[in-house]
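Participant: have a look at this prediction, sequence included:
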Amino acid sequence: MMPGMDMKKLKKLMKDVEKIDADRVIIEGKRRIVIENPDVMKINMMGKETFQIMGDSREEEMEETFSENDIALIKEKTGKSEEDVIKVLKENSGDIAKTIMDLKQSKESTFPWKKVKYLVFLDLMVLARPQPSTC
């Protein structure tokens with residue numbers, strides 16, 4: 001018996017426990033956790049359901065997949081290739097707005113504005129140079 005626990009309360013709590021038959025439990029997020037041959041208990045306490053899972057677990061890396069609609073939208077907005085879009089989408093964890101902004105920014109920065117200004121400046125300097133006298 002658990003110290004400080006009333007037997008009547010403990011029996012009442014045990015009525016709200018349900019065993020669930022399952023072959024596998026999969027938890028997906030940034031990574032995937034797979035629990036084989038699990039013992040799953042559903043506990044209903046104070047109006048909330050809680051699941052207790054015990055078993056042999058392993059972790060798997062999740063392959064990020066993006067919808068064709070999202071890729072088409074980004075390609076349309078940025079004019080970039082599908083490979084570039086997918087690469088930047090992965091870097092941005094699937095954030096479509098940030099991907100569009102990053103790809104548009106890289107598109108704008110491909111033209112060497114600094115070099116052009118510098119070349120124009122050099123041309124002006126050459127034109128302004130005094131010509132040697134022929135006397």
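Facilitator: Now that the structure is in, tell me what you want to look at. Numbering: from 1, shown residues only.
Participant: could you measure from the residue nearest the centre of the chain over to residue 86?
Facilitator: The residue lying closest to the centre of the chain (Cα atoms, centre = their mean) is residue 93, at 2.3 Å. Going from residue 93 to residue 86 by Cβ to Cβ, to the nearest Å gives 13 Å. Quick note: C-beta positions are derived from backbone N, CA and C, even for glycine.
Participant: okay, the residue nearest to the centre of the chain: pLDDT?
Facilitator: You'll see residue 93 listed with a pLDDT of 82.
Participant: name the SS class of it, please.
Facilitator: Under the three-state scheme (DSSP: H, G, I helix; E, B strand; the rest coil), residue 93 adopts coil.
Participant: all helices for the protein, in order.
Facilitator: All helices of the chain, identified by DSSP state H, fall at 7-15, 68-78, 82-91, 96-108, 113-128.
Participant: please parse this structure into its domains.
Facilitator: Domain assignment of the chain by automatic domain parsing yields the ranges 14-61, 68-128.
Participant: what about the first one, average pLDDT?
Facilitator: If I follow you right, that is domain 14-61. The pLDDT scores in domain 14-61 average 88.
Participant: hmm, residue 77 and residue 104 touching each other?
Facilitator: Yes - with contact defined as Cβ atoms under 8 Å, residue 104 counts as touching residue 77 (7.3 Å).
Participant: returning to what we had before: residue 30 versus the residue nearest to the centre of the chain, what's the distance?
Facilitator: From residue 93 to residue 30 the distance is 8 Å (Cβ to Cβ).
Participant: hang on, the earlier thing: pick the most deeply packed of the domains of the chain.
Facilitator: Each of the domains of the chain was scored by mean neighbour count; the highest is domain 68-128, a mean of 13, by mean count of other Cβ atoms under 10 Å.
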